[in-house]
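Undergrad: Provide a 3D model corresponding to the input given below.
(one chain, ligands or ions: 2)
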Amino acid sequence: TGSTRPQRILRAVQKNATRGDPCSVVKAIDDYCRHKEWAMNVGDEKGCIVDSVVSEVKPTAVLELGTYCAYSTVRIASLLSPNAKLITLEFNSDYAAIAREVIAWAGLQDKIQLVEGASGEWIPRLKEEFGIETFDLIFLDHWKDRYLPDTKLLEKCGLLRPGTVLLADNVICPGTPDYLDYVRNSQQYKSKFFKSHLEYTQEEDGLEKSVFLG
Ligand SMILES: O=C(NCCCCc1cc2ccncc2s1)c1cc(-c2ccc(F)cc2)cc(O)c1O
Ligand SMILES: [Mg+2]
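TA: Ligands and ions are numbered 1, 2, ... in the order given. Have a look, this model is predicted:
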């Protein structure tokens, strides 16, 4: 029984990144996935767009849907203010186990709460379980056919406030057509597309930034 791709990514982090240095963790994953084997991290090109949105929003409460190996988790958390918190949901327990190790290597355990489970099950529980009022920023990077139902669920659960920013990965590749249609045509959102490329490739992709207007 050989290793899995997430295990190989963790090994690359432990080999090439400095403990407690989130930037070196991000770089180690990008180097490995660009030169050794592709993996579904948001990557460096789209990651720079994520960085600019996080820096602009200055969120104190962040929700990430889809952790995988915690590349974007670490990238976002490294930009947050001291009292800010990030909750990240991961469905796959093997991914979650690797993600916890990557988060620990980056030294960001105190900022990040990793929750194992399905978004549809956990979103209705976030207020009660974690004392969350509303989120300032939500990064959608999980099952592409869950972006729309989970956005409607977040609205229903009162987890959005006027000004909450939804930032969605992969709106072109693999694509989230129903979600794009909703946020671009709803009076409740002001939406903007950031053209980019699928991580580590020249395939078209992009991020959609949608501000909830209430
Ligand atoms: O599926 C992707 N990402 C979601 C993984 C699903 C993990 C989940 C997390 C979670 C948490 C809570 N509830 C339910 C769920 S389900 C994904 C796929 C590609 C891609 C692009 C071109 C390809 F040829 C092949 C793959 C690129 C990307 O950037 C992705 O993000
Ligand atoms: Mg993605």
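Undergrad: and stretch 18-33, anywhere near ligand 2?
TA: No. On the criterion CB under 5 Å from the ion, stretch 18-33 is out of touch with ligand 2, staying 12.2 Å away. (C-beta placed from N, C-alpha, C; glycine too.)
Undergrad: Quick check: the residue in the chain positioned nearest to ligand 2 vs residue 199, distance?
TA: Ligand 2 sits closest to residue 169 of the chain, with a gap of 3.7 Å, by CB to the ion. Residue 169 sits 9 Å away from residue 199, taking CB to CB, to the nearest Å as the criterion.
Undergrad: do residue 192 as well
TA: 20 Å.
Undergrad: Pick out whichever of residue 169 and residue 199 has more residues nearby.
TA: Using other CB atoms under 10 Å as the criterion, residue 169 and residue 199 rank with residue 169 on top: 31 against 24.
Undergrad: Report the set of residues contacting both of residue 169 and residue 199.
TA: Contact with both residue 169 and residue 199 is made by residues 42, 46, according to CB atoms under 8 Å, 6 or more residues apart in numbering.
Undergrad: what number of residues lie near the nearest residue to residue 144 once chain neighbours are set aside?
TA: Take residue 144 and drop its neighbours on the chain: the residue closest to it by CB to CB, 6 or more residues apart in numbering is residue 176, 4.7 Å away. Using other CB under 10 Å, residue 176 is surrounded by 23 other residues.
Undergrad: Helix or strand: which one has residue 88?
TA: Counting by DSSP states H and E, the element that carries residue 88 is strand 85-90.
Undergrad: That strand packs against which elements?
TA: Judged by 3 or more CB pairs under 8 Å, 6 or more residues apart in numbering; DSSP states H and E, strand 85-90 is in contact with strand 61-65, helix 71-77, helix 93-106, strand 112-116.
Undergrad: Would you mind giving the orientation angle of it with respect to strand 112-116?
TA: Counting by axes from the mean of the first three to the mean of the last three CA atoms, to 10 degrees, strand 85-90 points 20 degrees away from the direction of strand 112-116.
Undergrad: right, is strand 85-90 up against ligand 1?
TA: Yes. Shown here: strand 85-90 in contact with ligand 1 (CB under 6 Å from any ligand atom) through 89-90.
Undergrad: so where do the helices sit in this protein?
TA: Counting by DSSP state H, the chain has helices at residues 5-16, 22-35, 43-57, 71-77, 93-106, 119-122, 126-130, 147-156, 177-185.
Undergrad: do you know which of these lies nearest residue 203?
TA: Evaluated with CB to CB, the helices of the chain place helix 43-57 nearest to residue 203, the distance being 11.3 Å.
Undergrad: helices and strands around the closest one, which ones?
TA: helix 22-35, helix 71-77, strand 137-140, strand 165-168, strand 189-197, strand 204-212.
Undergrad: Appreciated, that's everything.
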